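Asks: let's see this in three dimensions:
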Amino acid sequence: MKVSTRGRYGIRALVDLAVNAKDGYITLNSIANRNQISVHYLEHVFASLKKAGIVKSIKGAQGGYFLGDKAKNITAEAIILALEGDYRIEEDKIEEAASYRNISTAVENLLWSRVNEELKEILTTVTLEDIVQEYLGLCQNENTMYYI
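Replies: The predicted structure is shown next:
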């Protein structure tokens, strides 16, 4: 699985939104400026996120975006599905009488199925809130000064 720039920027923008929009909403311009992402690109990313219900928007000059649910209810899987589509490694398409059928089945059983299971486990248990907390912890550690 390869996560494209769309997926990476989308997650980054959602973390920014969750941190900075606390009780309100924020504009794509402000997210784009803080993260050095093109506003035009973010418009396309947020259109997909909005369609999936991950974000909502308020139109108009004073409008902006806010999370469609609490960050603790938004899984990494939901974000990846909205931005990237299916993330699973697909099974081999094997003809019934193919001589290599058992090889492909063995690889599927011992490798691809297990990778898919582990990936699903990670993506369904990590939430946007988890990522936000990790980010805030890193920011706090960065600002901590140690005196000897």
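Asks: mind checking the SS state of the closest residue to residue 105 other than its chain neighbours?
Replies: Excluding the flanking residues, the one nearest residue 105 by CB to CB, 6 or more residues apart in numbering is residue 94, at 7.8 Å. Using the backbone N, CA and C atoms, a C-beta is placed for each residue, glycine as well. Following DSSP: H, G, I helix; E, B strand; the rest coil, we place residue 94 in the coil state.
Asks: and whatever helix or strand residue 18 lives in, what's its mean pLDDT?
Replies: In the assignment (DSSP states H and E), residue 18 maps to helix 5-20. The pLDDT scores in helix 5-20 average 97.
Asks: again with stretch 75-95
Replies: 89.
Asks: residues making contact with that stretch?
Replies: In this structure, residues lying in contact with stretch 75-95 by CB atoms under 8 Å, 6 or more residues apart in numbering are 1, 3-4, 6-7, 10-11, 14, 45, 48-49, 51-52, 54, 100-101, 104-105, 107-108, 112, 115-116, 119-120, 122-128, 131.
Asks: gap between that stretch and the chain center?
Replies: Computed by CA atoms, centre = their mean, to the nearest Å, the separation of stretch 75-95 from the middle of its chain amounts to 13 Å.
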